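A.B. asks: coords below, sequence missing:
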Ligand code: CMP
């Protein structure tokens with residue numbers, strides 16, 4: 001079993017489609033082992049996305065991710081990291097495959113509805129950024 005980290009982003013919370021995303025997660029065979037709704041501060045987002053700090057979109061990304069609540073999740077299944085990235089679809093919803101979350105619900109490359117860890121190393125940083133061991137059940 002492998003665990004990955006996911007965020008349902010502010011654009012999805014604002015449009016009341018978090019239930020649709022969670023349904024796709026469960027139908028995709030993932031077990032939700034951690035879930036919380038939180039409003040991130042700009043500095044908390046900056047710390048989370050520090051690997052992107054030199055990118056031209058970093059400021060906009062941090063403003064977007066702190067403009068409203070998000071739902072953070074830890075998902076478990078075999079091959080969870082790769083399978084969650086497949087279910088999310090391409091970063092830009094315009095390029096995402098049919099049946100993916102970003103194709104179905106994404107708005108733009110920035111407001112792309114969901115985040116997922118891109119590697120075991122990222123998951124090892126991202127999961128404990130939001131959850132302690134007792135919150136994963
Ligand atoms: P995510 O998987 O959360 O990781 C970093 C985020 O940066 C990504 O999803 C997008 O929402 C955003 N992003 C990536 N590339 C761009 C871009 N070219 N312009 C704006 N936002 C981007």
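C.D. replies: Nice, I can see it. Only a predicted model underlies this, so the values are computations on that prediction, with no experimental measurement involved. Residues are numbered from 1 along each chain as shown.
A.B. asks: drop to CA atoms for contacts and neighbour counts, all remaining ones
C.D. replies: Will do.
A.B. asks: what's the spacing between residue 63 and the ligand?
C.D. replies: Remark: distance between residue 63 and the ligand (Cα to the nearest ligand atom, to the nearest Å) = 11 Å.
A.B. asks: Equivalent analysis for residue 114, please.
C.D. replies: Here residue 114 is placed at a distance of 7 Å from the ligand (Cα to the nearest ligand atom).
A.B. asks: How about residue 46?
C.D. replies: 11 Å.
A.B. asks: before we move on, what about residue 54?
C.D. replies: Separation of residue 54 from the ligand (Cα to the nearest ligand atom): 12 Å.
A.B. asks: burial of that residue, as a residue count?
C.D. replies: By the measure other Cα atoms under 10 Å, the count of residues near residue 54 is 9.
A.B. asks: That one falls within a helix, correct?
C.D. replies: No: the assignment for residue 54 is coil, going by DSSP: H, G, I helix; E, B strand; the rest coil, so no helix is present there.
A.B. asks: show me what contacts the residue lying closest to residue 102 once chain neighbours are set aside?
C.D. replies: Spatial nearest neighbour of residue 102, chain neighbours left out: residue 93 (5.0 Å); criterion: Cα to Cα, 6 or more residues apart in numbering. By Cα atoms under 8 Å, 6 or more residues apart in numbering, the contact list for residue 93 reads 102-103, 106-109, 112.
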